[in-house]
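Participant: Output the structure for:
(chains A, B and C)
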Amino acid sequence: MPELPEVETTRRGIAPHLTGQRVSDCVIRQPRLRWPIPDLGHLRGRVVQGVRRRAKYLLIDFDHGTLIIHLGMSGSLRVLPCANPPRQHDHFDLCLGKRCLRMHDPRRFGAVLWTDDALQHPRLRGLGPEPLSDAFNGRHLQHHARGRKTAIKNLIMNGSVVVGVGNIYASEALFMAGIHPQRASGRIALPRLERLSDTIKHVLTHAIERGGTTLRDFLNESGEPGYFAQELLVYGRAGEPCRQCGNLILTRQIGQRASAYCPHCQH
DNA sequence: CTAAGGACCTGTCGGC
DNA sequence: TGCCGACAGGTCCTTA
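Facilitator: All right, here's what the predicted structure looks like:
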């Protein structure tokens, strides 16, 4: 479900409900996620200092460490009354008085981890720059692209190059930059890589403004959908006409993922 | 080091 | 109506 805009939408939604609040309880119903949810009894009585995001990880800070949450493919977080009955696949509640942060994840690719130093955690250490930071630009892409034959779409979806770019926004950004998703990374000149870093920033920023992309089940912390889906140019549009030239959008497998593109507009 | 492929899960949808 | 395969927003790990 979530790429960076959906995770950021979730962060903005939950932060005001958590920051400054004291944890009253922590209920683990289904510990089985990508890794088992650790014991979180030590959170009882602790106060949430803030909610950050790094890549697609949400970081809930306490004074003695950080709760790391990843939503995987199908995870979501809601803020709701503790008394609301849990549904199937509701994995855990972080209770803050009468309300709780509740994690739901049918496919169980998500994760809940505890660390005393978030940025040094093995899952976060070694990640590339944030796509919306100045550190991510055409030169950065060029540095990683040089000499590599891997498809450019794989390169921008590689978290050690740049974080937060998943299948939807990689497809959209490549279309907007006019670059074929299969193109060998090392054979793209700097101006086009600069264009690509710009379109990545643009599409992510715009999607965040629209509350993310709801394809089938992404809902924000209040249960509302995002509105970026109606602005998608290629993702999920195979067989439909390109909005720019009218040719049919095609799809092909790149790095195990379906990739939609316009054969006329992208080279 | 790069690149490719499988693995981990459940739910939904389309075709027969 | 029911069954069965294909497919889905993401990493992580092993193998070559």
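
Participant: Please name the nearest non-neighbouring residue to the residue of chain A found nearest DNA strand C.
Facilitator: In chain A, no residue comes nearer to DNA strand C than A:Gly166, which is 2.1 Å away by Cβ to the nearest atom of the strand. For every residue, glycine as well, the C-beta is placed using N, CA and C. Spatial nearest neighbour of A:Gly166, excluding adjacent residues (Cβ to Cβ, 6 or more residues apart in numbering): A:Glu3 at 3.7 Å.

Participant: how much space between the residue of chain A closest to DNA strand C and A:Met73?
Facilitator: 10 Å (Cβ to Cβ, to the nearest Å).

Participant: Look at the two and report which has more neighbours.
Facilitator: A:Gly166 (20 against 13; other Cβ atoms under 10 Å).

Participant: What's the local residue count around the residue nearest to A:Gly166?
Facilitator: Using other Cβ under 10 Å, A:Glu3 has 22 other residues around it.

Participant: Isn't it up against A:Val163?
Facilitator: No - using Cβ atoms under 8 Å, A:Glu3 is not in contact with A:Val163; the gap is 10.3 Å.

Participant: Common neighbours of these two, please.
Facilitator: A:Lys56 (Cβ atoms under 8 Å, 6 or more residues apart in numbering).

Participant: From the chain's centroid, how far away is the helix ranked longest in chain A?
Facilitator: Scanning chain A for the longest helix, with DSSP state H as the assignment, gives helix A:190-209. Between the centre of helix A:190-209 and the centre of its chain there are 16 Å (Cα atoms, centre = their mean, to the nearest Å).

Participant: can you list contacts of it?
Facilitator: A:4-5, A:8-9, A:131-132, A:136-142, A:145, A:152, A:156, A:162, A:164-165, A:169, A:172-174, A:176-179, A:188, A:213, A:226, A:228, A:231.

Participant: quick one: is it near DNA strand C?
Facilitator: No - applying Cβ under 7 Å from any atom of the strand, one finds helix A:190-209 separated from DNA strand C by no less than 10.3 Å.

Participant: Just the CA coordinates for stretch A:105-124, please, in PDB.
Facilitator: Coordinates of each C-alpha in stretch A:105-124 appear next as PDB, following Å, rounded to 0.1, in the frame of the first residue of the first chain:
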ATOM      1  CA  ASP A 105      -1.700  -5.400   8.200                       C
ATOM      2  CA  PRO A 106      -3.200  -8.300   6.400                       C
ATOM      3  CA  ARG A 107      -0.200  -9.400   4.400                       C
ATOM      4  CA  ARG A 108       2.200  -9.100   7.300                       C
ATOM      5  CA  PHE A 109       5.100  -7.600   5.300                       C
ATOM      6  CA  GLY A 110       5.100  -4.700   7.800                       C
ATOM      7  CA  ALA A 111       7.200  -4.400  10.900                       C
ATOM      8  CA  VAL A 112       7.300  -3.000  14.500                       C
ATOM      9  CA  LEU A 113      10.700  -2.700  16.000                       C
ATOM     10  CA  TRP A 114      12.300  -1.200  19.000                       C
ATOM     11  CA  THR A 115      15.700   0.500  19.000                       C
ATOM     12  CA  ASP A 116      17.600   2.900  21.200                       C
ATOM     13  CA  ASP A 117      19.200   4.600  18.200                       C
ATOM     14  CA  ALA A 118      16.900   4.700  15.200                       C
ATOM     15  CA  LEU A 119      19.300   6.000  12.600                       C
ATOM     16  CA  GLN A 120      21.900   3.400  13.500                       C
ATOM     17  CA  HIS A 121      19.400   0.500  13.300                       C
ATOM     18  CA  PRO A 122      20.500  -2.100  10.800                       C
ATOM     19  CA  ARG A 123      17.300  -1.500   8.700                       C
ATOM     20  CA  LEU A 124      18.000   2.300   8.500                       C
END
